[in-house]
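In: I'd like to go over a predicted model; first the sequence, then the structure.
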Amino acid sequence: MIFVKTAAGQQAFRERHGVLSLRQRSAFILFDGKRTLPQVLAATAALGVGWDDVRHMVDAGLLELAETAPAARAAKPPERADAVTPDPGGERSPGERYQAGYLVATELTAGLGLRGFRLHLAVEGATGYESLAALAPKIREAVGEAGYERLEQALFA
């Protein structure tokens, strides 16, 4: 997912409007229409920026998906087969698996509250596919089979 700033978001940022916290302002800067959501979250993880912060910015009308932005609708370039997602029969790289799995794993472990705090920290500290895949059994144990299914698809499918 790639997000871009809306006109309202740019104005709120310039005016230092109270709708953005300091850490959200740091993440907001990085949403340039080129960086993916996992890249922005990874770059701002030390600041404590998470999916809830991004959701807040989207709900407040400060960010929108790049493909729904007015400029993208007005001058949509011809679609490439490999531009959005890899071919379903193709193999994803470990980096792609890590990015997809990281989003799901942070969401799952954040939902555990205090009982999952250490596991959430371990997920945030995972530096690549291998380290995140090593945490998968612990996440399965903590969230159960139903919750784990999404992570399994992101990491191993």
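Out: Noted; the coordinates are in hand. Numbers count the residues shown, from 1 in each chain.
In: Report the contact partners of the nearest residue to His56 once chain neighbours are set aside.
Out: Excluding the flanking residues, the one nearest His56 by C-beta to C-beta, 6 or more residues apart in numbering is Gln24, at 6.9 Å. Backbone N, C-alpha and C define where each C-beta goes, glycine included. Going by C-beta atoms under 8 Å, 6 or more residues apart in numbering, Gln24 touches Val49, Asp53, His56, Met57.
In: Now the third one: which helix or strand?
Out: Think His56. helix 51-59 (DSSP states H and E).
In: helices and strands of the chain: which one has the lowest mean pLDDT?
Out: helix 70-74 (a mean of 49; mean pLDDT, DSSP states H and E).
In: Tell me the first helix or strand C-terminal of it.
Out: helix 94-110.
In: and that following helix with helix 51-59, angle?
Out: For helix 94-110 against helix 51-59, the angle by axes from the mean of the first three to the mean of the last three C-alpha atoms, to 10 degrees is 90 degrees.
In: Give me the domain ranges for this structure.
Out: Domain segmentation of the chain under automatic domain parsing yields 3-74, 94-156.
In: what is the rounded mean pLDDT of the last one?
Out: Per-region confidence: domain 94-156 scores 88 on mean pLDDT.
In: tell me which residues of the one helix or strand Leu135 maps to are tucked away?
Out: Using DSSP H and E, Leu135 sits within helix 129-156. Residues 129, 132-133, 135-136, 139-140, 142-143, 147-148, 150-151, 154-155 are the ones in helix 129-156 that count as buried (16 or more other C-beta atoms under 10 Å).
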